[in-house]
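Student: based on what follows, work out the 3D shape:
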Amino acid sequence: MIIHLKEHGLYLGVLALKEVRIDDVGVFLRSLSENLGDVEFQVLNLRLVAGLRHILTSTLVALEAFRHGLNIANTMSMEVLVRASTQRQISRALRMLGVRKGCQDLVLVLMDKDRSRVEEAVARLNKMFAGRLDDRLLEADRSSCIMEVYGLSEEMVKAEEAYVEGLWDAVKNLIAEKVVLTLVA
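Tutor: Residues are numbered from 1 along each chain as shown. Predicted structure coming up:
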C-alpha cells in the first residue's frame, strides 16, 4: 500500500512480508538497497509492530523530530525504527525491532518524495518476494507479545478498551501514544 503524507510531501510504501528467511542480515539489507535504488527504506520485525497505525505514527514522529532538531538518528529510516521501538538508543531499537538471521515476518517501509519511485520500488519488491507479500499480517493481533515487550499493563489496556473496539485496538492506541511520547521524553 502507498500512503501520501501531504503535509510532509512524502510517500510511504508499507508492505508486510511473511516468513522471510535471512541467512545473512548484511547481505539481505544490501540486496534490498540495490533493488530499491535511491528510495529510503526501513525493515522492521513484524512481531512487535502494532499495525499500520504504529508505522504511520512512527514515521510522523520521526519527521517532526527532524523538523525540530530532536532526531536521535542521522537518517529518516533509522529514526523511524528508533521511534517505533520507543527507545532512545539506536542499539536497543535494533535489538528490539531490527531484522535477524532466521525466518521471520517483516514490515518494509519505503519513503520518498516521488510517488512513482515508491511505486517502482513496490513493484520490484513484489517480484523479489513473490508469494510472500501479505498486508493482512500487518493488522493480525499480536497483543500479548506487544504488551509484554512494550510494558503495557493489563490496567492500561483495560482502561483504553473502554474507548475502542477490543484489546488489539487498545494496544495499537497505547503503542501510538508511547511513540508520540518519545518526542518529549
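Student: run through who's touching stretch 86-104.
Tutor: Stretch 86-104 is contacted from outside by 19-25, 28-29, 43-49, 72-73, 78, 81-82, 84-85, 106, 149-150, 175, 178-179, 181-182, 185, using CB atoms under 8 Å, 6 or more residues apart in numbering. Quick note: C-beta positions are derived from backbone N, CA and C, even for glycine.
Student: report the distance from that stretch to the chain centre.
Tutor: Mean-position distance between stretch 86-104 and its chain equals 11 Å (CA atoms, centre = their mean, to the nearest Å).
Student: now do the end-to-end distance for it.
Tutor: Stretch 86-104 stretches 21 Å from its first residue to its last (CA to CA, to the nearest Å).
Student: quick one: mean pLDDT over it.
Tutor: Stretch 86-104 shows a mean pLDDT of 95.
Student: in that stretch, what counts as buried?
Tutor: Buried residues in stretch 86-104, counting neighbours by 16 or more other CB atoms under 10 Å, are found at 86-87, 90, 93-94, 96-99, 104.
Student: OK, contacts around residue 58?
Tutor: Residue 58 sits next to 80-81, 83-84, 179 when contact means CB under 8 Å, 6+ apart.
Student: all set, thanks.
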